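Novice: The sequence and its predicted three-dimensional model are supplied below.
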Amino acid sequence: MNWRLDIEVASRTRLNAVTPSFVLKLNTVSGSMGDVKNETIMTSDFANMQHLHTELGAAVNALKSTRTMRVTRYLT
């Protein structure tokens, strides 16, 4: 994942408005042999980035639970 912070300092209509936004580039690999590569580019504000961070942290914690490890062990 690559990210960049863009800040709009002013425009013709608003002189003293600071508008930050994050630009994310997410590269994913899928398929049985890892042969399908996807690139997704998205923009987001700070509040949505903070929510994404919280949700991804919860997903990582769910993967570390004993129930998930047990299911993974039985499936592989």
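Specialist: Good, I have the coordinates. Residues are numbered from 1 along each chain as shown.

Novice: What residues sit buried inside stretch 13-32?
Specialist: Neighbour counts over stretch 13-32 (16 or more other Cβ atoms under 10 Å) mark residue 22 as buried. From N, CA and C alone the C-beta is placed, and that goes for glycine too.

Novice: Pull up the distance across it, start to finish.
Specialist: End-to-end distance of stretch 13-32 (Cα to Cα, to the nearest Å): 51 Å.

Novice: Also stretch 26-42?
Specialist: 8 Å.

Novice: what residues does it touch?
Specialist: 1, 23, 24, 25 (Cβ atoms under 8 Å, 6 or more residues apart in numbering).

Novice: Please apply the same query to stretch 55-65.
Specialist: With Cβ under 8 Å, 6+ apart, stretch 55-65 has contacts from residue 68.

Novice: Please compute how far it lies from its chain's middle.
Specialist: Centroid displacement of stretch 55-65 relative to its chain, using Cα atoms, centre = their mean, to the nearest Å, is 14 Å.

Novice: rewinding a little: mind giving me a markdown table with the contacts of stretch 26-42 and columns for distance to residue 35?
Specialist: As requested, those are exported to a markdown table (distance: Cβ to Cβ, whole Å):
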| residue | distance to residue 35 |
| --- | --- |
| 1 | 21 |
| 23 | 27 |
| 24 | 24 |
| 25 | 20 |
